[in-house]
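Visitor: model the structure of this input:
(one chain, ligands or ions: 2)
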Amino acid sequence: MNQPKTLIAPSILAADASCFREEIKRVTQAGADWIHIDVMDGVFVPNLTFGPPVIKQLRPHSNLPFDVHLMIEKPELSMAQYAEAGADMITVHVEASVHLHRTLQAIRGMGKKAGVSINPSTSVESIRYVLGEIDLVLVMSVNPGFGGQSFIAESLNKIEHLSELRRQHHHDFLIEVDGGVNAQTAKACVDAGADVLVAGSAVFGAVDYAEAMASLRAPTF
Ligand code: DX5
Ligand code: ZN
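Guide: Numbering: from 1, shown residues only. Ligands and ions are numbered 1, 2, ... in the order given. Below is the predicted model:
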């Protein structure tokens with residue numbers, strides 16, 4: 001899955017929830033690469049969002065990959081529902097799945113891209129032995145649960161570390177960064193080795209979505 005272009009994955013957590021359909025259409029037309037969908041269960045994180053039925057209803061309104069970020073306990077119990085609803089990538093947290101290796105294999109077994117996410121307090125070492133089983137690593141650069149938080153700079157070391165491990169071991173997972181990514185922090189993420197930038201408020205908080213995404217992409221720096 002490795003490729004040179006920086007991909008932008010707007011997070012609909014920051015979109016106007018009263019008109020998700022229009023927001024998804026607008027951001028797709030504005031040139032987004034993926035649609036990032038934040039699923040929260042009110043247990044793993046102190047916030048609650050949406051589940052498979054909402055994803056299923058949104059699916060026909062964009063041809064972009066749906067990048068589903070499961071911030072839920074025991075994702076193995078419900079991830080098939082997300083696959084069925086139209087997720088293309090399913091990312092689970094290492095902190096939320098005891099038998100992570102099995103969970104990741106099951107995601108791939110459903111024909112989906114498997115991602116694993118690490119919280120700001122979790123080290124890259126914790127996922128070292130599954131790096132050959134995944135399509136992407138999602139580095140949380142804020143504590144998950146809410147949009148609009150400030151970027152935690154230590155995340156850059158983790159992106160660099162992952163990038164180095166990928167090079168050394170010839171892995172081909174993508175490195176995605178999520179939280180506080182904006183025109184000020186995007187360049188450091190890309191320089192550290194990030195391939196995919198998740199951006200909620202930096203895109204949906206802007207008047208012009210295309211312009212906001214252009215300001216996040218490396219060539220415009
Ligand atoms: C946080 C979510 C993020 C969030 C990012 O728990 O995983 O995807 O929407 O929002 P911003 O870009 O506003 O920090
Ligand atoms: Zn997210």
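Visitor: what's near enough to touch the residue of the chain found nearest ligand 1?
Guide: Proximity of the chain to ligand 1 (C-beta to the nearest ligand atom) peaks at G200, 2.9 Å away. For every residue, glycine as well, the C-beta is placed using N, CA and C. Residues near G200 by C-beta atoms under 8 Å, 6 or more residues apart in numbering: 10-14, 36, 38, 147-148.
Visitor: drop anything exposed from the residues you listed.
Guide: For the contacts of G200, a burial check counting by 16 or more other C-beta atoms under 10 Å picks out 10-14, 36, 38, 147.
Visitor: I'd like to know which of the contacts of G200 is nearest to T103.
Guide: Taking C-beta to C-beta as the measure, D38 is the one of the contacts of G200 closest to T103, at 18.6 Å.
Visitor: if we can go back for a sec, could I get the buried ones among the contacts of G200 as JSON lines with distance to E211 and pLDDT?
Guide: Converted to JSON lines, the buried ones among the contacts of G200 look like this (distance: C-beta to C-beta, whole Å; pLDDT from 0 to 100):
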{"residue": "P10", "distance to E211": "13", "pLDDT": "98"}
{"residue": "S11", "distance to E211": "18", "pLDDT": "98"}
{"residue": "I12", "distance to E211": "19", "pLDDT": "98"}
{"residue": "L13", "distance to E211": "21", "pLDDT": "98"}
{"residue": "A14", "distance to E211": "16", "pLDDT": "98"}
{"residue": "H36", "distance to E211": "19", "pLDDT": "98"}
{"residue": "D38", "distance to E211": "23", "pLDDT": "98"}
{"residue": "G147", "distance to E211": "19", "pLDDT": "97"}
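Visitor: looking at those, which are in strands?
Guide: Mapping the buried ones among the contacts of G200 onto strands (DSSP state E) picks out 10, 36, 38.
Visitor: and which of these is nearest L48?
Guide: Set against L48, the nearest of these by C-beta to C-beta is D38 (10.8 Å).
Visitor: excluding its backbone neighbours, what's nearest that closest one?
Guide: Nearest residue to D38 in three dimensions, chain neighbours excluded: L13, at 4.4 Å (C-beta to C-beta, 6 or more residues apart in numbering).
Visitor: show me what contacts the one you found?
Guide: 38, 49, 147, 200.
Visitor: next: L138.
Guide: 69, 91, 115-118, 176-178, 198.
Visitor: any idea how far whatever residue is furthest in space from the centre of the chain lies from A194?
Guide: Most distant from the centre of the chain: Q168, at 23.8 Å, with distances by C-alpha atoms, centre = their mean. Distance, Q168 to A194, using C-beta to C-beta, to the nearest Å: 18 Å.
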